[in-house]
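S.K.: Based on what follows, work out the 3D shape:
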Amino acid sequence: AVAVAILLACGGWFAQSAKVASYGNAATMDRDSRVVLWPAVARKIMENPLTGSGFGREAMKLGYPELIVPDHPQFWHAHNVFLNYGLAMGVTGIAVLMVLFGTMFIRFLRLSADRKDRASVIGLTGALLVLALVLRNLTNDFFVRDAALLFWALCGSLFGAGLRDSADLKATQP
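M.R.: Now for the predicted structure:
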């Protein structure tokens with residue numbers, strides 16, 4: 001399993017290296033369309049900090065068509081889960097999402113410190129799942145549809161199994 005993981009990681013690295021090399025100088029972060037777009041998105045969020053522009057898969061495209069880069073029509077969203085929630089719900093949406101993910105991460109970490117081995121492994125798995133979701137969605141927003149449903153299903157399953165085996169839960173039951 002470790003060898004397969006290493007091979008997959010190396011293959012991904014080589015594929016990404018070839019992709020970056022084909023871009024030439026455009027691959028630098030200061031020219032990345034996402035990074036260039038984020039300050040403008042932040043300014044739009046601050047125009048409606050309490051309400052945002054509303055929900056929807058293409059909320060940025062419909063609410064702020066001037067943010068769409070003509071060369072990159074696929075950039076119809078902010079390519080950052082927190083900025084997308086900010087566009088939809090304002091600063092409150094960003095804060096709620098951060099509190100939600102932070103609370104889940106902390107609860108999984110607490111579960112990982114459990115005296116029971118299985119609960120500890122489940123807690124570590126859940127913490128890494130939340131961390132991976134947040135990190136992956138900082139440069140794109142895959143937290144929609146099937147990926148979001150899978151995340152919530154996995155978190156629910158992990159919490160259910162981990163808390164069932166947790167020594168803390170058993171100590172509080174009669």
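
S.K.: If we go by neighbour counts, what in stretch 137-152 is buried?
M.R.: N137, D141, F143, F151 (16 or more other Cβ atoms under 10 Å). From N, CA and C alone the C-beta is placed, and that goes for glycine too.

S.K.: With only the CA atoms kept, save the helix or strand where L149 lies in CSV.
M.R.: In this structure, L149 sits in helix 145-165 according to DSSP states H and E. Extracted in CSV, the C-alpha atoms of helix 145-165 (Å, rounded to 0.1, in the frame of the first residue of the first chain):
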residue,chain,number,x,y,z
ARG,A,145,-22.7,18.2,-4.8
ASP,A,146,-21.3,14.7,-4.5
ALA,A,147,-18.0,15.7,-2.8
ALA,A,148,-19.8,17.6,-0.1
LEU,A,149,-22.2,14.8,0.4
LEU,A,150,-19.3,12.3,0.7
PHE,A,151,-17.6,14.6,3.2
TRP,A,152,-20.6,14.9,5.5
ALA,A,153,-21.4,11.2,5.2
LEU,A,154,-17.8,10.3,6.1
CYS,A,155,-17.7,12.8,9.0
GLY,A,156,-21.0,11.4,10.4
SER,A,157,-19.8,7.9,10.1
LEU,A,158,-16.5,8.6,11.7
PHE,A,159,-18.1,10.6,14.6
GLY,A,160,-20.7,7.8,15.1
ALA,A,161,-18.1,5.0,15.2
GLY,A,162,-15.5,7.0,17.1
LEU,A,163,-17.9,8.3,19.8
ARG,A,164,-19.4,4.8,20.2
ASP,A,165,-16.0,3.5,21.0
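
S.K.: and that helix, what other elements does it pack with?
M.R.: helix 91-112, helix 117-136 (3 or more Cβ pairs under 8 Å, 6 or more residues apart in numbering; DSSP states H and E).

S.K.: For the buried residues of stretch 137-152, name the two members farthest from one another.
M.R.: Greatest spatial distance among the buried residues of stretch 137-152 (Cβ to Cβ): D141 and F151, at 12.6 Å.

S.K.: Out of the buried residues of stretch 137-152, the closest to W76 would be?
M.R.: Proximity of the buried residues of stretch 137-152 to W76 was ranked by Cβ to Cβ; the top entry is D141 with 10.7 Å.

S.K.: Tell me, how many residues neighbour the residue nearest to A127 when sequence neighbours are not counted?
M.R.: Nearest non-adjacent residue to A127, counting by Cβ to Cβ, 6 or more residues apart in numbering: F108, 3.9 Å away. Applying other Cβ atoms under 10 Å, we find 23 residues neighbouring F108.

S.K.: I'd assumed L131 was in contact with F108.
M.R.: No: counting by Cβ atoms under 8 Å, F108 stays clear of L131, with 9.2 Å between them.
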